[in-house]
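K.L.:
The sequence isn't on hand, but the structure is:
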């Protein structure tokens, strides 16, 4: 307290001595004597060894497990210090050094204001991440020094302030760090006299959220949103500001209008109605800089659910499909890009949101996308706010060429511009852009450009390539109906009855029939199907004990498919006045995938008898231009 | 003009102060009244800043503007008498440095002085102050020789009771400037708080000044004595001086603010008290 006592005068020494005693007696420093019957208040972690027997050393997964050792040679003071060996790049023992030191039972650290230690490095490097509050539990009061810790090659004392000491009444996370090699090489650093201290010089707290920015965002009911950028800044004894990233539990969050949105102790915002609310926070009773003005637009209209089969899709961004690896959805290209990302999630649906838009890119080059079998690029675009008549959204699709990299002289591009008449104000528009690139086996980049006026904000969803192959690549599903219950005309699974012809002469002239194999499985193919007749006239089929007609059918492009059954009646011959027939239509069958039709015979309402079925007519649309594959044609019960 | 506020103290109480005062302290744990007094026991001026508004015009006057060359120190602020920069409120004098464009300067602040209103030779001068903080702040509580207009500076003498660099929140310093030891070469000494800072609470800064000595103290610690043997020139501290308090921004002492400096910054003064020898 009285550093300069040596300057006191003899004539006042006695008096000042008295005063000194007075001041000491008034101190409220932490002392063992004053300890209440609560948790231990010991702040020491490693002085000349660990001060607590229940301190755990827990190296992170993938780190060099032996990175930490106790060093009796190099230490700041006393007998021993902590030594940390950061491995070189490629070290088989671990990719980095990192660990948490935590206790099994908590300590009351509320009487301290900082974690302090002496440290030096074999080189003057920066430890990437260092702090306290990791307890291998919920890490509720984790804190990390912002900007890392800059080491020197001589011993220096370092201070990591506690964002709000009053919170640390039962803390187990004493210390943690993570550091990797720089320029390929590791190094060694030492830490000693590691302890929580009450310095009394940690002052001028300035908490902030959202990096101290007063932000405004539009959102929707059900959108997920978390307040980030949580920090606490102090001015230290040195006069230098020190900032720590602080866990949400240090803060008290408030929503000015809880009818619009609530915010929980983790800073997670739950939007429950349309309207405006302002999210703010305090730390230790101090208002945090920064706020989020949230304009909830109410219910979110989701983009149309994609209908393409996953097998025919290479997806970049969609919750309906498995997506390929994407390098980035916003490259933040300097120096001219202004576009920011305010992506959000509504009821589990991820949406890309570009604001302050001039141009932006999505890159997917690790690996590039081979879209040789794909015909279209699909985009769903939503225009929030007002749609300007002059709005134009130019989309460029870039193939990176054989080098698989942007540039290199072998890139090729195609572009399409979406204009306002095709976009929807306050709603989604879907675009399937034909892939006209000659080379589309190394696609790597979409570029979106604001080519018109006042298109500053839009959402994207369901970005994928799709195309339907001209023939199936997988066999039709293997039937599971028991053979005893089946009368089969064509199936590898069953014994087939005699079929006189798979293409009668009276079939549509353009329609070509051939036997093909699909993945080793015998399949019938009708090229340019208009209509085709199939006959079992020599031995008609008695399906009177059957209940269903089954057929697996595949087409890249049919828009409807009809099946007609003809029964020859009791005379078991064409004509004679006792024939009956009925045609069932299947509109909009799924394209590019096997469609298993299993139609109740009762649906063939005009078919008055099923004892002498002799003809089967298949009809495809578009007429005489669609190719149709069939398999597993049988009756069952 | 002297002795504007003269407190009549009970003689017995004064004579017993050394003993009774300390007993009082022991009971109350207060550091406010812990000053060691030698012979300067008679209040000759005090301002407790108990009336809201502008500082008491019977005691204080303002320096306005930028002086010559930033008051001789390349200071960056423009001093004003506006309530934005100086006011008495809640029992405190607030001297507020702001970052704003004003009359060609980028900062404003305040400087008040007792020149021509209260001037005294010898005595105990003290103030209880909470300092501003941050790189580029330069608060000061100091005295200038009242004969400055006749003999000039530094012949008039200057006693800096407290100066602080905002970038050094635990350090305050004192100095005397006279002929042959002025400007960048004064008789100077620092005092560093342990486990405490000057910007988070109030501290008492004072001198006891008599013939051939000036004793400097902070709170209960007398940390510096300057006598004619210590100065490297003429001893010019045997005539009346007046008081100055100011918050400078930038200047030669601590350099300019940086991007981390938080504005506005306020120096809070709880009181200014001056004692003289009761035998005078």
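P.N.:
Received, thanks. All values reported here derive from a predicted model rather than from experimental measurement. Residues are numbered from 1 along each chain as shown, chains lettered A, B, ... in the order given.
K.L.:
what's the closest residue to residue A:393 other than its chain neighbours sitting at in phi/psi?
P.N.:
Leaving aside its chain neighbours, residue A:393 sits nearest to residue A:418 (4.5 Å; criterion: Cβ to Cβ, 6 or more residues apart in numbering or on different chains). For the C-beta atoms, the positions are set from N, CA and C on the backbone; glycine is no exception. When quoted as degrees, to the nearest 10, the phi and psi of residue A:418 stand at phi -90, psi 130.
K.L.:
Distance check, residue A:418 against residue A:333.
P.N.:
In this view, residue A:418 and residue A:333 are 21 Å apart by Cβ to Cβ, to the nearest Å.
K.L.:
more neighbours, those two?
P.N.:
residue A:418 (22 against 13; other Cβ atoms under 10 Å in any protein chain shown).
K.L.:
Pull the contacting residues for that one.
P.N.:
Neighbour list for residue A:418: A:381, A:392-395, A:429, A:431 [criterion: Cβ atoms under 8 Å, 6 or more residues apart in numbering or on different chains].
K.L.:
If we use 7 Å, what do you get?
P.N.:
Shown in contact with residue A:418 (Cβ atoms under 7 Å, 6 or more residues apart in numbering or on different chains): A:381, A:393, A:395, A:431.
K.L.:
which one among the residues you listed gets closest to chain B?
P.N.:
Among the contacts of residue A:418, residue A:393 lies closest to chain B (Cβ to the nearest Cβ), at 38.9 Å.
K.L.:
Residue A:455 is in contact with that closest one, correct?
P.N.:
Yes - contact criterion Cβ atoms under 7 Å: residue A:393 and residue A:455 qualify, at 6.0 Å.
K.L.:
where in the stretch 401-550 of chain A is pLDDT low?
P.N.:
Across the stretch 401-550 of chain A, nothing is flagged by pLDDT under 70.
K.L.:
can you check chain B too?
P.N.:
Applying pLDDT under 70 to chain B flags the ranges B:1-38, B:278-280.
K.L.:
so how far is residue A:508 from residue A:233?
P.N.:
As judged by Cβ to Cβ, residue A:233 and residue A:508 stand 80 Å apart.
K.L.:
list the helices and strands the host helix or strand of residue A:516 packs on?
P.N.:
For residue A:516, the element it lies in under DSSP states H and E is strand A:512-518. Strand A:512-518 is packed against strand A:521-529, with contacts defined by 3 or more Cβ pairs under 7 Å, 6 or more residues apart in numbering or on different chains; DSSP states H and E.
K.L.:
what lines up beside the strand it packs on in the sheet?
P.N.:
strand A:512-518 (antiparallel), strand A:626-636 (antiparallel) (DSSP bridges).
K.L.:
Could you check how far the helix or strand containing residue B:125 is from the centre of its chain?
P.N.:
Using DSSP H and E, residue B:125 sits within strand B:123-130. Centre-to-centre, strand B:123-130 and its host chain are 6 Å apart (Cα atoms, centre = their mean, to the nearest Å).
K.L.:
now stretch A:278-288
P.N.:
That offset, for stretch A:278-288, works out to 30 Å (Cα atoms, centre = their mean).
K.L.:
burial count for residue B:101?
P.N.:
10.
K.L.:
how much space between it and residue B:77?
P.N.:
12 Å.
K.L.:
rewinding a little: check which helices and strands the strand holding residue B:125 is in contact with.
P.N.:
Contact analysis of strand B:123-130 by 3+ Cβ pairs under 7 Å, 6+ apart lists strand B:40-47, strand B:137-145, strand B:203-210, strand B:265-277 as its packing neighbours.
K.L.:
what angle sits between the first one and strand B:265-277?
P.N.:
Inter-element angle recorded for strand B:40-47 and strand B:265-277: 140 degrees (by axes from the mean of the first three to the mean of the last three Cα atoms, to 10 degrees).
K.L.:
same question, the third one
P.N.:
Regarding strand B:203-210 and strand B:265-277, their directions subtend 30 degrees when assessed with the same axes, to 10 degrees.
K.L.:
Can you list the strands that strand B:203-210 pairs with?
P.N.:
strand B:123-130 (antiparallel), strand B:213-218 (antiparallel).
K.L.:
between the ones you listed, which one is nearest to residue A:513?
P.N.:
Among the strands paired with strand B:203-210, the nearest to residue A:513 by Cβ to Cβ is strand B:123-130 (98.4 Å).
K.L.:
Helices of chain A, start to end?
P.N.:
Taking DSSP state H as the criterion, chain A carries its helices at A:10-26.
K.L.:
Can you tell me how far residue A:39 is from chain B?
P.N.:
24 Å (Cβ to the nearest Cβ, to the nearest Å).
K.L.:
That residue: neighbour count?
P.N.:
Residue A:39: 16 surrounding residues under other Cβ under 10 Å.
K.L.:
cool, and residue A:366?
P.N.:
Residue A:366: 11 neighbours (other Cβ under 10 Å).
K.L.:
What pLDDT does the model give it?
P.N.:
As predicted, residue A:366 sits at a pLDDT of 94.
K.L.:
Can you tell me how far it is from residue A:404?
P.N.:
Distance of residue A:366 to residue A:404, given as Cβ to Cβ: 9 Å.
K.L.:
got it, and residue A:287?
P.N.:
Taking Cβ to Cβ, one finds residue A:287 at 51 Å from residue A:404.
K.L.:
Which one's more surrounded, these two?
P.N.:
Neighbours were counted for residue A:287 and for residue A:404 using other Cβ under 10 Å; residue A:404 has more, 16 against 13.
K.L.:
what's near enough to touch that one?
P.N.:
Taking Cβ under 7 Å, 6+ apart as the test, what residue A:404 contacts is A:365, A:368, A:442.
K.L.:
Now the phi/psi pair for it, please.
P.N.:
According to degrees, to the nearest 10, residue A:404 has phi 70, psi 10.
K.L.:
What ranges does the stretch 151-280 of chain B have for its strands?
P.N.:
Using DSSP state E, counting those that start in this stretch, the strands of the stretch 151-280 of chain B run over residues B:158-163, B:171-177, B:187-192, B:203-210, B:213-218, B:221-226, B:241-249, B:265-277.
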